[in-house]
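Novice: sequence first, predicted model second:
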Amino acid sequence: MQKRGTRVLRKVVFLMLVGAMGLSCLWAIAEATTHVALARVEREGWPVEDESLHAAVASFRNSPTNAPARALEHLGRGLGLELRTFEERKGNPIPKEATNELTARYEDAKNYFSTVFANPTGMPSAPPAALGAYLARHVDTLDRVGLEVSEGPEPWWDSDTTKGIHIEIPGLVGHLQLSSFLAAQALEDRRHDRRAVAWERLRAVARLSDGLGRRPELLSQLISLVEARLVCAAMRKMEAPIPPWVTVWRANGYREALLRSFAVESNSTASLLHGIGEDVIALTYPEKERKPSVVRKLIFCPFTPYFRYAVINLLAAEKSVMNQLQASTDCSGREIVGPASLPKWNVFGKAVIKDVAYETAWRRAGVFESELYGSKLILAAKQKRAEDGHWPAERPAVPTSCDPEDWVYSVAGEGLKVLHPEPFIHADERTYRLAEEYTEGTVSE
């Protein structure tokens with residue numbers, strides 16, 4: 001009886017060992033296969049240079065915060081706005097009184113823009129009293145900001161793509177607030193016929209926008225796009241002479257940079273699963289516990305083949321979305337592609353896929369490119385009128401990444417009409433109307 005029990009025990013132990021070894025072999029094969037497949041999908045078929053996620057990441061600049069950015073941080077502090085990265089601002093926050101006033105004035109600026117860009121007069125209206133007083137009190141600081149941005153090297157905040165999802169991002173809200181105050185002051189300068197000064201302030205906003213547009217994070221790209229649309233709208237209020245930088249500004253649009261930014265976002269997702277899931281584990285724990293323990297790694301380890309296969313499936317879907325977006329040159333703001341299709345088992349992919357964010361950014365970039373063409377067309381006509389004394393009968397040549405035939409250009413008597421048939425912009429000799437929501441806005445003739 002004892003011998004029989006011993007034999008049974010040996011068989012159980014044997015089966016357990018063989019089963020464990022078999023499962024380990026299967027896991028190792030699955031792990032190796034999915035790792036190779038993940039590496040392949042990362043480097044093939046992406047709509048960026050060399051068709052590789054890693055090439056897209058390498059195309060962005062990695063460098064620390066430079067002196068012009070530090071100078072802007074100091075000047076911005078005087079206005080009550082924060083340009084530093086999240087980590088840097090922890091130790092020395094701006095006084096709450098200053099930030100409270102800034103927040104209130106920023107709301108005033110947004111309301112002012114929604115009014116002034118829809119006002120049926122070519123001349124900007126006066127800003128609200130509180131905003132006007134704030135701008136007057138800080139005009140010297142805004143002058144110094146404009147000079148720093150326009151004349152010096154481009155401000156740059158710390159960027160290191162090797163940090164993946166932990167990359168530092170500058171104070172984007174403060175960045176947008178600073179651009180808004182510069183644009184509001186530019187409109188005020190235009191109202192008082194300080195044309196050259198107004199153009200210089202708009203150039204500063206354009207350079208701030210361009211700097212963010214060279215960063216790898218999609219969020220920075222989107223804030224850059226908001227600032228660029230602000231410049232585009234303010235341009236219509238300006239008059240000749242038109243400075244040379246306006247003609248070439250954003251002539252190639254936004255969408256090439258957006259594709260590379262999309263690739264960086266997808267690469268960050270893929271990089272989560274190249275180790276034993278340290279970053280995936282870290283995402284579920286507070287900052288002080290970001291370093292996962294050996295036990296957590298071991299618990300996560302059996303599931304890595306599933307997660308890698310899920311990421312392969314996810315990246316294939318995002319790649320498909322990006323290729324469809326690249327193939328579209330539509331600037332109307334309509335839906336370009338439908339939502340990406342992921343199987344039900346890919347719960348991880350469904351939770352993190354960025355297809356909606358990619359398409360939304362792409363549509364906004366297309367609308368901006370069309371808006372920019374309209375603005376440059378109006379400005380080119382104004383320049384010709386200043387030189388010749390009348391509106392040009394033929395449509396002026398303006399470089400564009402959109403189809404110029406989307407726009408109606410006509411001259412009747414002393415009046416000029418520039419109209420988008422969607423429509424979101426209407427203009428004549430005295431009227432520039434800009435709907436707040438371009439895809440839903442209506443135009444009054």
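Specialist: Nice, thanks for sending it over. Please read all numbers here as calculations on a predicted model, not as lab measurements.
Novice: contacts and neighbour counts: CA atoms only from here.
Specialist: Fine.
Novice: could you list the domains of the protein?
Specialist: If you go by automatic domain parsing, the domain ranges for the chain are 26-59+261-362, 67-215.
Novice: closest one to Val398 among those domains?
Specialist: Closest approach to Val398 among the domains of the chain is made by domain 26-59+261-362 (16.1 Å; C-alpha to C-alpha).
Novice: now the stretch 51-200 of the chain, which segments are flagged as low pLDDT?
Specialist: Filtered on pLDDT under 70, the stretch 51-200 of the chain yields the residue ranges 119-121.
Novice: where along it do the helices fall?
Specialist: Remark: helices assigned in the stretch 51-200 of the chain by DSSP state H, counting those that start in this stretch are 53-58, 67-79, 86-89, 96-116, 129-137, 139-151, 172-191, 195-213.
Novice: with mean neighbour count and distance to Ile242 added, can I get these in TSV?
Specialist: Formatted as TSV, these follow (neighbours: other C-alpha atoms under 10 Å; distance: least, C-alpha to C-alpha, whole Å):
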stretch	mean neighbour count	distance to Ile242
helix 53-58	20	35
helix 67-79	19	27
helix 86-89	12	39
helix 96-116	16	21
helix 129-137	15	25
helix 139-151	17	16
helix 172-191	23	13
helix 195-213	23	8
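Novice: and Met238, helix, strand or coil?
Specialist: Following DSSP: H, G, I helix; E, B strand; the rest coil, we place Met238 in the coil state.
Novice: that one - how many residues pack around it?
Specialist: Look at Met238: counted by other C-alpha atoms under 10 Å, it has 25 neighbours.
Novice: how near is it to Lys110?
Specialist: 19 Å (C-alpha to C-alpha, to the nearest Å).
Novice: again, but for Leu218
Specialist: For Leu218, the distance to Lys110 equals 23 Å [C-alpha to C-alpha].
Novice: check Ala136 too.
Specialist: For Ala136 relative to Lys110 (C-alpha to C-alpha), the value is 18 Å.
Novice: now Gly152
Specialist: 28 Å.
Novice: about what we covered before: for the helices of the stretch 51-200 of the chain, give me CSV that also has distance to Val36.
Specialist: Formatted as CSV, the helices of the stretch 51-200 of the chain follow (distance: least, C-alpha to C-alpha, whole Å):
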stretch, distance to Val36
helix 53-58, 15
helix 67-79, 42
helix 86-89, 36
helix 96-116, 50
helix 129-137, 58
helix 139-151, 46
helix 172-191, 38
helix 195-213, 33
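Novice: mind checking these for the one nearest to Arg260?
Specialist: Per C-alpha to C-alpha, nearest to Arg260 of the helices of the stretch 51-200 of the chain: helix 53-58, 5.4 Å.
Novice: and the contacts of the closest one?
Specialist: 42-43, 46, 48-49, 161, 216, 260-261, 263-264, 266-267 (C-alpha atoms under 8 Å, 6 or more residues apart in numbering).
Novice: mind running it again at 6 Å?
Specialist: For helix 53-58, the external contacting residues (C-alpha atoms under 6 Å, 6 or more residues apart in numbering) are Glu42, Arg43, Arg260, Ala263, Val264, Asn267.
Novice: same question for stretch 177-196.
Specialist: Contact with stretch 177-196 is made by Pro124, Ala198, Arg201, Val205, as judged by C-alpha under 6 Å, 6+ apart.
Novice: at 8 Å what do you get?
Specialist: 76, 81, 106, 109-110, 113, 123-127, 135, 139, 142, 146, 197-199, 201-202, 204-205, 208, 227, 230-231, 234, 237-239.
Novice: and that stretch, how far out from the chain's middle?
Specialist: Taking the mean of its C-alpha atoms, stretch 177-196 sits 24 Å from the chain's own mean (C-alpha atoms, centre = their mean, to the nearest Å).
Novice: kindly report the same for stretch 143-160.
Specialist: For stretch 143-160 - counting by C-alpha atoms, centre = their mean - the centre lies 19 Å from the chain centre.
Novice: pull that stretch out as PDB, backbone CA atoms only.
Specialist: Taking Å, rounded to 0.1, in the frame of the first residue of the first chain, the C-alpha atoms of stretch 143-160 are listed here in PDB:
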ATOM      1  CA  ASP A 143       6.700  94.000 -25.700                       C
ATOM      2  CA  ARG A 144       9.600  92.100 -24.100                       C
ATOM      3  CA  VAL A 145       7.900  88.700 -24.800                       C
ATOM      4  CA  GLY A 146       7.400  89.700 -28.400                       C
ATOM      5  CA  LEU A 147      11.000  90.800 -28.800                       C
ATOM      6  CA  GLU A 148      12.300  87.700 -27.100                       C
ATOM      7  CA  VAL A 149      10.300  85.400 -29.300                       C
ATOM      8  CA  SER A 150      10.600  87.300 -32.600                       C
ATOM      9  CA  GLU A 151      14.200  88.200 -32.600                       C
ATOM     10  CA  GLY A 152      16.000  85.500 -30.500                       C
ATOM     11  CA  PRO A 153      16.400  81.800 -30.900                       C
ATOM     12  CA  GLU A 154      13.300  79.700 -30.700                       C
ATOM     13  CA  PRO A 155      12.200  79.000 -27.100                       C
ATOM     14  CA  TRP A 156      12.500  75.300 -26.400                       C
ATOM     15  CA  TRP A 157      11.400  73.300 -23.300                       C
ATOM     16  CA  ASP A 158      13.000  70.000 -22.200                       C
ATOM     17  CA  SER A 159      12.100  67.200 -24.600                       C
ATOM     18  CA  ASP A 160      13.400  63.600 -24.400                       C
END
